[in-house]
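Q: Make a model of this:
(one chain, ligands or ions: 1)
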Amino acid sequence: MRIVLFGPPGVGKGTQAELLADRYHLIKFSMGDMLRQEVAVNSSVGRRAEPFLKAGHLVPDNIIFDMVNNFLIEYQNQDILFDGFPRNLNQARTLEQSLAQLSQKIDIALELYLPDQEIIKRLENRRYCPSCGRIYNCLTDPPKIKGVCDECGKKLIKREDDQESVIRRRLEVYEQETRPLTEYYKELNVYKKIDASVTKEQIFKKISEIINGYTDKK
Ligand code: AMP
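A: Numbering: from 1, shown residues only. The predicted structure follows:
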């Protein structure tokens with residue numbers, strides 16, 4: 001099974017991706033996490049990608065595709081959840097072609113949606129653990145001890161691109177580049193839209209119903 005999870009920044013993709021990977025034993029392909037990791041270790045990919053991440057722009061497709069193709073081959077026999085990839089039509093078409101070469105396809109494309117004002121409020125309050133990757137929200141999902149990860153006791157940090165000006169840019173980029181995926185996946189008959197204004201448990205339940213419905217039909 002190949003699932004794409006997309007939606008504007010701050011809508012809860014990362015949280016849902018964690019829950020879904022766990023529940024359905026999916027290998028998670030999180031492009032944002034992989035890029036931040038490359039930046040953290042100062043690799044050549046990381047050095048090329050860093051200015052785009054900081055500015056809230058998409059990293060150019062040629063940098064992205066090398067990472068994707070290596071991943072698809074390595075995990076070709078496992079179920080995959082794509083989180084934050086594809087982010088534009090070119091990436092979506094190229095992914096479809098790469099999968100076709102392995103006799104695979106995207107089975108479900110899930111779009112999480114939320115109004116912009118709610119997104120900005122969420123992102124400004126988002127914190128994450130640089131060690132285990134767990135995501136918190138100071139308002140709606142705080143850690144037990146302020147500023148400290150429940151899982152591993154590390155100090156939580158705010159992502160550099162979670163500042164209002166960069167958030168607004170990322171939302172514009174979403175509208176221009178990523179929103180067209182809605183029509184693309186509708187045409188492929190795999191598109192499902194999910195209201196992300198409810199709790200993470202309710203979102204997870206809704207997505208689980210969709211995945212269970214798909215696997216039951218097979
Ligand atoms: P995310 O963690 O998914 O919010 O991604 C953070 C940043 O990583 C984005 O603002 C982009 O700069 C970059 N990025 C993530 N996924 C992609 C992608 N599929 N294509 C290009 N850039 C990406």
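
Q: So which bits of this structure are right by the ligand?
A: 9, 31-32, 35, 52-53, 56-59, 64, 84-87, 91, 161, 170 (CB under 6 Å from any ligand atom). For glycine as for every other residue, the C-beta is placed from the backbone atoms N, C-alpha and C.

Q: now the closest residue to the ligand within the chain, nearest residue through space, not along the chain?
A: Nearest to the ligand, among the residues of the chain, is Gly32, at 2.1 Å (CB to the nearest ligand atom). Using CB to CB, 6 or more residues apart in numbering and skipping the chain neighbours, the partner closest in space to Gly32 is Gly84 (4.7 Å).

Q: Contact partners for the one you found?
A: Shown in contact with Gly84 (CB atoms under 8 Å, 6 or more residues apart in numbering): 5-6, 13, 30-32.

Q: returning to that earlier point: burial of the residue of the chain closest to the ligand, as a residue count?
A: Counted with other CB atoms under 10 Å, residues neighbouring Gly32 total 18.

Q: That one falls within a helix, correct?
A: Yes: membership of Gly32 in a helix is supported by DSSP: H, G, I helix; E, B strand; the rest coil.

Q: what's it in contact with, if anything?
A: 14, 83-84.

Q: contacts for the longest helix along the chain?
A: Using DSSP state H, we find that the single longest helix of the chain is helix 200-217. For helix 200-217, the surrounding residues in contact (CB under 8 Å, 6+ apart) are 1, 3, 12, 15-16, 19-20, 23-24, 107-108, 110, 112, 141, 192, 194-196.

Q: Stretch 42-53 too?
A: Contact partners of stretch 42-53, identified using CB under 8 Å, 6+ apart, comprise 35-40, 58-60, 63, 66-67, 160-161.

Q: coming back round to it: buried among the contacts of helix 200-217? Make that a ChimeraX selection.
A: ChimeraX command restricting the contacts of helix 200-217 to the buried ones, with burial defined by 16 or more other CB atoms under 10 Å:
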select :1,3,12,15,16,19,20,24,107,108,110,112,141,192,194,196
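
Q: when you check the contacts of helix 200-217 against the helices, which ones overlap?
A: Among these, the ones falling in helices (DSSP H) are 15-16, 19-20, 23-24.

Q: Columns pLDDT on top of these, output as TSV?
A: Shown next, in TSV, are the ones in helices among the contacts of helix 200-217 (pLDDT from 0 to 100):
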residue	pLDDT
Thr15	90
Gln16	95
Leu19	95
Leu20	97
Arg23	96
Tyr24	96
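
Q: Look up how far Val166 lies from Glu74.
A: Separation of Glu74 from Val166 (CB to CB, to the nearest Å): 32 Å.

Q: swap in Phe85?
A: Counting by CB to CB, the separation of Phe85 from Val166 is 20 Å.

Q: And what about Val45, helix, strand or coil?
A: At Val45 the chain is in helix, as set by three-state DSSP.

Q: For it, give me the pLDDT.
A: pLDDT recorded at Val45 is 92.

Q: Near it, how many other residues are there?
A: Around Val45 there are 18 residues (other CB under 10 Å).

Q: So what does the residue at the greatest distance from the centre of the chain look like in phi/psi?
A: What lies farthest from the middle of the chain is Ile145; by CA atoms, centre = their mean that is 26.7 Å. Taking degrees, to the nearest 10, you get phi -110, psi 130 for the backbone angles of Ile145.
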